[in-house]
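*Asks:* here is a sequence with its predicted model. Questions after.
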Amino acid sequence: MSIERFYTQKVSVKGLVAIAGTDKETFQTKIEQLYCYIEQQGEESVMLGDGAFYTLFKMWCKKVDIQAGDQVIDEKDVVYLVKGVSLYNRPRPAGESTSHHLEILLAVPK
């Protein structure tokens, strides 16, 4: 059974890009449409290493170019900050390809 059948939410992804001729950066869309699954991770806010409080979420999606520091925006315009990305490889019997997906830690500032 494939995990992709759970990817029922549609999001876009923005990443930081340099503004030519300056030392500044801005967010630019890097993935227009990505299907995924997002689930809240507990009811309590958590303080992360930057000293701010966040509500944490976990997102599962196919292997794409997402990295810490990116933004994930859902259809309700909720902006999630990408705090961590892990590639999950599921072992398969010999002769079958591995099934992989990303498990992403998302945070929404409180």
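*Replies:* Arrived safely.

*Asks:* where in the protein is pLDDT low?
*Replies:* Residues of the chain meeting the criterion pLDDT under 70: 1, 90-99.

*Asks:* that one: strands as residue ranges?
*Replies:* 9-18, 25-40, 46-47, 53-61, 71-74, 79-90, 99-109 (DSSP state E).

*Asks:* mind checking how far stretch 22-35 is from the chain centre?
*Replies:* Stretch 22-35 has its C-alpha centroid displaced from the chain centroid by 13 Å (CA atoms, centre = their mean, to the nearest Å).

*Asks:* which parts of it are buried?
*Replies:* Of all the residues in stretch 22-35, those buried under the rule 16 or more other CB atoms under 10 Å are 30-31, 34. Every residue, glycine included, has its C-beta placed from N, CA and C.

*Asks:* what does stretch 42-61 give?
*Replies:* Applying 16+ other CB under 10 Å to stretch 42-61 flags 54-57, 59-61 as buried.

*Asks:* keeping just the C-alphas, turn that stretch into CSV.
*Replies:* Extracted C-alpha coordinates of stretch 42-61, given in CSV (Å, rounded to 0.1, in the frame of the first residue of the first chain):
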residue,chain,number,x,y,z
GLY,A,42,0.6,18.0,20.0
GLU,A,43,-1.6,20.7,21.6
GLU,A,44,1.1,22.6,23.4
SER,A,45,3.4,25.3,22.0
VAL,A,46,7.1,24.5,22.0
MET,A,47,10.1,26.8,22.3
LEU,A,48,12.7,26.1,19.6
GLY,A,49,16.4,27.0,19.5
ASP,A,50,15.7,30.5,18.3
GLY,A,51,13.8,31.3,21.5
ALA,A,52,10.4,31.7,19.9
PHE,A,53,7.3,29.6,20.6
TYR,A,54,5.7,27.5,17.8
THR,A,55,3.0,25.0,17.2
LEU,A,56,4.6,22.0,15.5
PHE,A,57,3.3,20.0,12.5
LYS,A,58,4.7,17.1,10.5
MET,A,59,4.3,16.9,6.8
TRP,A,60,4.7,13.9,4.5
CYS,A,61,5.2,14.3,0.7
